[in-house]
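S.K.: Here's a sequence, model it:
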Amino acid sequence: MFSAPRHGPIWSAFLALHDRGVTVDVITVAEELKGRGELELSGGVEYLASLVDAVPSAANIEHHAGILEERDRRDRLRRTLDCLRESVDSTPVDEVIHEATEFLTRETRRGSARFPAPISVADGLATPDPSDGWIIDGVVPRGGNVLQIGYPKSMKSIGYFDLAAAAALDGQWLGRFPTTGDLRVGIVMMEGRPRFALRMLERLARGRGRCADDLTDRLHFWHRPPLRLSDPKAMRGLGRYCADRELDLLILDAFGYAAHPGTNTNSDQEVLEQLQAFSALRDTAPGLTTWMVHHARKEQKDNTGARLTDLVRGSGAFGQWYDAGLVFFRKDERSPVSVRTEFRERTALEPFAFLADDAFPAEEGGISTGWLRLVASDRTPRQIEQDEKVAAIAPLVVEFLRANPGASTTAIREGVGGANTIVDLAVEHLKRANKVVVDVGGAGRPTRHSLSGGYRA
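M.R.: Residues are numbered from 1 along each chain as shown. So this is what the prediction gives:
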């Protein structure tokens, strides 16, 4: 395919050096050509040196190779047509047609050669499943795309900060889920203040009995860099840092701030191209897990049962992209955070919740100091919500029984109000706490309740 004859030997030398594991540069190529007696034929050392500055960047090598391949095919077609044109008057027509047909068949096959052959069912089933391991055991697979979604104030940032600290310090995420440990993590934070983020990481390290210095060389932090997912130059720079620092996990918070200005987030094509540019960092840093944070739509009410892709704009694009998803939500800033998982190929975990265990909770409007731990609850979010309702209605049951000693279960339900199930659970809770005792009468008589001691909510 070389239009300049001297480029053939040079390319051959490249391949030979590469096959032997030798670095390809001006000196090694010159020595290889000299040993073959082809150095002067190839233009000499001066010409080899000029090629270093003459060639374009390797970043778009596949595109450039495609251009060269297309030009070569055009040249072959032009030469073949010239030969056919010369022979059409002196060669039988059938032979000319046969020669032209063979050429077109070869070119058609050559043009489709890059498209792989299909895989048979038998071969596919015989191929072992890849075992990439986990970033978070059972929650985040390694080497894939992770999408984290949450409403404002749902502790999204603190959640992935805790993951970064756990992964770097060989700990457990939320005090419950083991991480691989000894991983290198990068965080690209496109919003907020750097001091707050770094202080939060320091507090989470202290919560594990470690210090911020232990995160050095394990956790790398960018704050509001000039990054656009649609900017190839910026993405190449980020990819080089990921490779140089051998990052295992890269977290980008958040898509809206890194998306190309004017991106229509309802356009699947625009969104997917930018998400794919993010995960394409693995081309530079193989094995990298890419974690994208995205904000849920503010105008949508909290819907804990909604699919992850229903919570964001451009849902079709995000749905095509992620391998594992996490949804963070909570009713208010004093409520526990509920986490729901989604996987493309695995069964989702049972939803769980976590609380912040703070050494020195801040006063209203203040800033917390000291260590911080995020602790996953052994109760499901539904159980926590139910327990909160029971705790809220229990004092009303106590007050009603004080005013109506000996009231029946039906009377308590009617007098207190609310869902019967919650009222009954509140009564059971008070009985277990020895705040209410039950006096069961004869057959057919209703169960009687009376107070035993006081009750403090």
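S.K.: okay, which residue is most central for the protein?
M.R.: Note on the chain: the residue nearest the mean C-alpha position is residue 146, at 2.0 Å, using CA atoms, centre = their mean.
S.K.: doesn't it fall inside a helix?
M.R.: No: using DSSP: H, G, I helix; E, B strand; the rest coil, the assignment for residue 146 is strand, not a helix.
S.K.: can you tell me the helix or strand for the closest residue to it other than its chain neighbours?
M.R.: Leaving aside its sequence neighbours, residue 146 sits nearest to residue 291 (CB to CB, 6 or more residues apart in numbering; 4.3 Å). (Each C-beta comes from the backbone N, C-alpha and C, glycine too.) Assigning secondary structure by DSSP states H and E places residue 291 in strand 289-295.
S.K.: Restricting to C-alpha, output that strand in CSV.
M.R.: Only the C-alpha atoms of strand 289-295 are listed here, as CSV (Å, rounded to 0.1, in the frame of the first residue of the first chain):
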residue,chain,number,x,y,z
THR,A,289,-13.4,0.9,36.1
THR,A,290,-15.2,4.0,35.1
TRP,A,291,-17.8,5.5,37.5
MET,A,292,-20.1,8.2,36.4
VAL,A,293,-22.2,10.3,38.9
HIS,A,294,-25.4,11.8,37.6
HIS,A,295,-28.0,13.9,39.2
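S.K.: partners of that strand in the sheet?
M.R.: strand 145-150 (parallel), strand 249-253 (parallel) (DSSP bridges).
S.K.: I'd say the residue nearest to residue 146 and residue 160 touch.
M.R.: Yes: under the criterion of CB atoms under 8 Å, residue 291 makes contact with residue 160 at 6.8 Å.
S.K.: ok, now which residue in the protein is the farthest from the centroid?
M.R.: Within the chain, the residue lying farthest from the chain centre (CA atoms, centre = their mean) is residue 90, at 66.2 Å.
S.K.: Over to that residue. Which of the three states is it?
M.R.: The three-state assignment at residue 90 reads coil, by three-state DSSP.
S.K.: Against residue 318, how distant is it?
M.R.: Distance, residue 90 to residue 318, using CB to CB, to the nearest Å: 64 Å.
S.K.: May I have the residues that are in contact with the residue nearest to the centre of the chain?
M.R.: Going by CB atoms under 8 Å, 6 or more residues apart in numbering, residue 146 touches 135, 140, 289-292, 322-326.
S.K.: Neighbour count, pLDDT and distance to residue 392 for those - can I get that in a markdown table?
M.R.: Shown next, in a markdown table, are these (neighbours: other CB atoms under 10 Å; pLDDT from 0 to 100; distance: CB to CB, whole Å):
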| residue | neighbour count | pLDDT | distance to residue 392 |
| --- | --- | --- | --- |
| 135 | 26 | 89 | 38 |
| 140 | 26 | 89 | 35 |
| 289 | 27 | 94 | 41 |
| 290 | 24 | 96 | 42 |
| 291 | 28 | 96 | 37 |
| 292 | 25 | 95 | 38 |
| 322 | 25 | 91 | 37 |
| 323 | 19 | 91 | 40 |
| 324 | 25 | 92 | 35 |
| 325 | 26 | 92 | 32 |
| 326 | 25 | 92 | 29 |
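S.K.: quick check, nearest of these to residue 124?
M.R.: Using CB to CB, residue 323 comes nearest to residue 124 of those, at 19.1 Å.
S.K.: Skipping its backbone neighbours, what lies nearest that closest one in space?
M.R.: Using CB to CB, 6+ apart and skipping residues adjacent in sequence, the residue nearest residue 323 is residue 144, 3.6 Å away.
S.K.: What is the burial count for that neighbour?
M.R.: When neighbours are counted by other CB atoms under 10 Å, residue 144 registers 20.
S.K.: Residue 294 now?
M.R.: Applying other CB under 10 Å, we find 25 residues neighbouring residue 294.
S.K.: all helices of the stretch 101-250 of the chain, in order?
M.R.: Here the stretch 101-250 of the chain has its helices, by DSSP state H, counting those that start in this stretch, at 121-126, 156-169, 194-207, 232-244.
S.K.: no no, the stretch 301-450 of the chain
M.R.: Ranges of helices in the stretch 301-450 of the chain, per DSSP H, counting those that start in this stretch, are 315-321, 381-403, 409-416, 420-432.
S.K.: if we can go back for a sec, okay, angle between the strand holding residue 291 and helix 156-169 too, please.
M.R.: Strand 289-295 and helix 156-169 meet at an angle of 160 degrees, taking axes from the mean of the first three to the mean of the last three CA atoms, to 10 degrees as the criterion.
S.K.: Strand 289-295 vs helix 232-244, what angle?
M.R.: Orientation of strand 289-295 against helix 232-244 (the same axes, to 10 degrees) gives an angle of 130 degrees.
S.K.: and residue 341, what pLDDT?
M.R.: At residue 341, the model reports a pLDDT of 90.
S.K.: how close does it get to residue 330?
M.R.: For residue 341, the distance to residue 330 equals 16 Å [CB to CB].
S.K.: what does residue 26 give?
M.R.: From residue 26 across to residue 330, the span is 61 Å (CB to CB).
S.K.: Show me which of the two is the more surrounded one.
M.R.: For residue 26 and residue 330, the more surrounded residue by other CB under 10 Å is residue 330, and the numbers stand at 21 against 14.
S.K.: got the contact list for the more buried one?
M.R.: Applying CB under 8 Å, 6+ apart, we find residue 330 in contact with 153-155, 336-338.
S.K.: Please apply the same query to residue 243.
M.R.: Listed by CB under 8 Å, 6+ apart, the contact set of residue 243 reads 284-285.
S.K.: send the alpha carbons of stretch 29-46 over as PDB?
M.R.: Provided in PDB are the C-alpha atoms of stretch 29-46 (Å, rounded to 0.1, in the frame of the first residue of the first chain):
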ATOM      1  CA  VAL A  29      15.100   1.300  13.000                       C
ATOM      2  CA  ALA A  30      18.300   2.600  11.500                       C
ATOM      3  CA  GLU A  31      20.300  -0.300  12.900                       C
ATOM      4  CA  GLU A  32      17.700  -2.800  11.600                       C
ATOM      5  CA  LEU A  33      17.800  -1.300   8.100                       C
ATOM      6  CA  LYS A  34      21.600  -1.100   8.200                       C
ATOM      7  CA  GLY A  35      21.900  -4.800   9.100                       C
ATOM      8  CA  ARG A  36      19.600  -5.600   6.100                       C
ATOM      9  CA  GLY A  37      21.600  -3.300   3.800                       C
ATOM     10  CA  GLU A  38      18.600  -1.200   3.200                       C
ATOM     11  CA  LEU A  39      19.400   2.000   5.100                       C
ATOM     12  CA  GLU A  40      20.500   4.100   2.200                       C
ATOM     13  CA  LEU A  41      17.600   2.700   0.100                       C
ATOM     14  CA  SER A  42      15.200   3.900   2.800                       C
ATOM     15  CA  GLY A  43      16.600   7.500   2.800                       C
ATOM     16  CA  GLY A  44      19.200   7.200   5.500                       C
ATOM     17  CA  VAL A  45      19.200   8.400   9.200                       C
ATOM     18  CA  GLU A  46      18.300  12.000   8.200                       C
END
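S.K.: Thanks again, I'm all set now.
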